[in-house]
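Visitor: sequence unavailable; structure follows:
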């Protein structure tokens, strides 16, 4: 690997690049300076002990000691500390990521450092998962499937009474099912954030998390994407169910989405264009007569990408969409076509796959059926 | 309020400023352009329906339509879209936050826009919580106290057998207690991330989350800081317990921290200097002979701030530390002195308070005792 020189200042909790570079998780931003591949992490007194133990960098530097080299009496701004260290390390020229803070960039630019802003992805290698990363994602996905199993069980055992659905005497709502999912996941050291259980027209808006009673005979989109509190890798899967009897139109929608997903899964392997798979999914829908358009100010049809990369972030490069680029061995991608129409409902089916030389490995085993 | 003009491009999941400005939560970055106080949110087809329903901005603009005004065939980079809209809105001069992406800043600077980078905090008003924000934080804190109650109950009922502690036949570990806390919180729609249950020397490193068996007669720091999945506001509290009999040295440490906290709580009101409270806490420790120093490469004593602001972020301005600034009515702050010595243990006691004209409102009712 090329020995890069770069500067980052961000919080690993919200910026996976600095976690990827250091292996250190913390609730506050910190400074990372890398010179020819040698990583220097600059830590507060509060974090320096833990950083020395837990991080994988070559050297951990004390922020307070560095600050005292500049000003004995008060803490200089982070820009001045970076400038001081860059001069000390004789670094005139270095890279920063696209999301590097403008305030620091502007300060350093005026000091005549030669800064290259690297467009995303800063670490292209993050897209190609190593063996141990795939293991971590596969574990997260297994827990996600177990959570989906809990939902399917409840929906399978539920009874319809009028316009409501009951399980164990309780009227089932989106909120109830999301709590079942998230509590189960937490028992497995997984944090489910923004879990979606969206019934009927709620599900037509793909990021509507769903609310209120589950209604019989309507689509129920269940999209679970938790992050491990141990490894920080995500899982992500979606199934669509109906309690009772789906309409003919909803059944046709389900079959269309399933055949679009199967088409995508049959095409993916090392060297295939991302855009070709997305276009193939669109073609399946077009051939079946499903239109994508704005209607009464709301999008209907198929209006998101076919999938996204996943790892330390829920959405990573690359989108399976009309963009340049190829599937490459080691990429972990969601494959999740969907169709959404007011009055009929929403259907999305999502698996997580690892791209291989001659095909793919599907990290899901969960059955695909509209009947839970 | 002054009618500001500014540009933001970030993800509300990880950047509370754009959530504060728009009231819209989403898993991906989006663009916000504000001209003289009028907010324009630029959304993908995927999010535009939900954005119109859920956000509190004046206008939601379609990203795909904007893109088509520039290039009919492919999606232009976000920089070009921002440039196009700024020209359309006749905005030559505007503010950006300190963490605005360097890549976009550099592009726009070259296009001769007049950009003011605003140092943090971008929204100073975020520090002064409104009535409804305080209610939300108080709710999060009540749930946090209930979770602490679960831990105290387990530790109170636990039995010592040799060097281990048992509850209900189970050997109690940090991992076990963290799971109890986080699962309970999830049942209450609260996400506990990085919950700390750190026994003995683990607790001497204030951000060590703790691992392994709980040992009798040693300090157990329990620090819980969950975020509501409904309101996105945090709670935050810490207690320190012992199962069995604390050493004399540990008891003295506990009393010192408690009296330092009481000193701080007695001083805080509108108009008091942040630094004065921090210095008073340090003085309590100094007078009792507790030294803060690096020993064998590890910090010991009192080496973090006395507290921090809290709201949509776990750490918000202002630190109660040797910094400029005053306590002002409406600020929500943690007050959490601590002492940490290898061989004796760690003690931290943390409440959440609201600054008032003549004192403070403590959002905690949980008792403070080393005996659970």
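Guide: Everything's here; your move. What you see is a predicted model; the values in this text were computed from it and never measured.

Visitor: partner strands of the helix or strand hosting residue A:60 and their direction?
Guide: In the assignment (DSSP states H and E), residue A:60 maps to strand A:59-62. Under the criterion DSSP bridges, strand A:59-62 sits next to strand A:38-43 (parallel) in its sheet.

Visitor: which parts of the strand it pairs with are buried?
Guide: A:39, A:40, A:41, A:42, A:43 (16 or more other CB atoms under 10 Å in any protein chain shown). Heads up, the C-betas are built off the backbone N, CA and C, glycines and all.

Visitor: determine which two of those are furthest apart.
Guide: A:39 and A:43 (12.3 Å; CB to CB).

Visitor: and the one residue sitting closest to the centre of chain A, what does it touch?
Guide: Geometric centre of chain A, nearest residue: residue A:314, 0.7 Å, by CA atoms, centre = their mean. Shown in contact with residue A:314 (CB atoms under 8 Å, 6 or more residues apart in numbering or on different chains): A:225, A:227, A:234, A:236, B:27.

Visitor: out of the residues you listed, which sit inside strands?
Guide: Within those, residues falling in strands by DSSP state E are residue A:227.

Visitor: got the residues of the stretch 101-250 of chain A near chain B?
Guide: A:101-106, A:117, A:119, A:179, A:182-183, A:185-187, A:189, A:191, A:193-194, A:205-208, A:229 (CB under 8 Å from any CB of the partner chain).

Visitor: now with 7 Å?
Guide: A:101-103, A:105-106, A:117, A:119, A:179, A:182-183, A:186-187, A:191, A:193-194, A:205-208, A:229 (CB under 7 Å from any CB of the partner chain).

Visitor: go on, the stretch 251-372 of chain A?
Guide: So the stretch 251-372 of chain A meets chain B at A:298, A:299, A:303, A:304, A:314, A:315 (CB under 7 Å from any CB).

Visitor: check those residues for burial and list the buried ones.
Guide: A:298, A:299, A:303, A:304, A:314, A:315.

Visitor: hang on, the earlier thing: identify the farthest-apart pair in the residues of the stretch 251-372 of chain A next to chain B.
Guide: It's A:298 and A:314 that sit farthest apart of these, by CB to CB, at 24.4 Å.

Visitor: confirm that residue A:69 sits in a helix.
Guide: Yes: assessed by DSSP: H, G, I helix; E, B strand; the rest coil, residue A:69 belongs to a helix.

Visitor: what's near enough to touch it?
Guide: residue A:84 (CB atoms under 7 Å, 6 or more residues apart in numbering or on different chains).

Visitor: what of residue A:101?
Guide: Contacts of residue A:101 (CB under 7 Å, 6+ apart): A:9, B:98, B:99, B:102.

Visitor: sec struct for the third one, please.
Guide: Put plainly, it is residue B:99. Applying three-state DSSP: residue B:99 is coil.

Visitor: quick one: the closest residue in space to residue A:155 that isn't next to it in sequence from chain B, how far?
Guide: Nearest-residue entry for residue A:155: residue A:372, 3.9 Å, with adjacent residues in sequence omitted and distances by CB to CB, 6 or more residues apart in numbering or on different chains. Here residue A:372 is placed at a distance of 23 Å from chain B (CB to the nearest CB, to the nearest Å).

Visitor: hmm, residue A:372 is touching residue A:150, no?
Guide: No: under the criterion of CB atoms under 7 Å, residue A:372 is not in contact with residue A:150, lying 10.9 Å apart.

Visitor: so which of those two has more stuff around it?
Guide: Neighbours of residue A:372 and residue A:150, each counted by other CB atoms under 10 Å in any protein chain shown, are more numerous for residue A:372; the result is 21 against 15.

Visitor: my read is the more buried one is in a helix, agree?
Guide: No: read with three-state DSSP, residue A:372 is coil and lies in no helix.

Visitor: quick one: contacts for it?
Guide: So residue A:372 contacts A:152, A:155, A:156, A:241 (CB under 7 Å, 6+ apart).

Visitor: apply 8 Å and report the result again.
Guide: Here residue A:372 is in contact with A:151, A:152, A:153, A:155, A:156, A:241, A:242, A:243 (CB under 8 Å, 6+ apart).

Visitor: of those, which belong to strands?
Guide: residue A:241.

Visitor: max pairwise distance over the contacts of residue A:372: which two?
Guide: Longest span within the contacts of residue A:372, CB to CB: A:153 and A:242, 15.4 Å.

Visitor: who has more neighbours out of those two?
Guide: More neighbours surround residue A:242 than the other of residue A:153 and residue A:242, with 24 against 13 (other CB under 10 Å).

Visitor: just checking, the more buried one touches residue A:369?
Guide: No: applying CB atoms under 8 Å as the test, residue A:242 and residue A:369 come out as separate, 9.8 Å apart.

Visitor: who are the contact partners of the closest residue to residue A:219 other than its chain neighbours?
Guide: Nearest residue to residue A:219, sequence neighbours excluded (CB to CB, 6+ apart): residue A:345, at 3.3 Å. By CB under 8 Å, 6+ apart, the contact list for residue A:345 reads A:200, A:201, A:203, A:204, A:218, A:219, A:250, A:253.

Visitor: top of those residues by neighbour count?
Guide: The most crowded member of the contacts of residue A:345, judged by other CB under 10 Å, is residue A:219 (28 neighbours).

Visitor: what's the spacing between that residue and chain B?
Guide: With CB to the nearest CB as the criterion, residue A:219 and chain B are 17 Å apart.

Visitor: just the helices in chain A please.
Guide: A:16-22, A:45-54, A:63-70, A:78-88, A:102-110, A:131-157, A:174-187, A:248-267, A:274-287 (DSSP state H).
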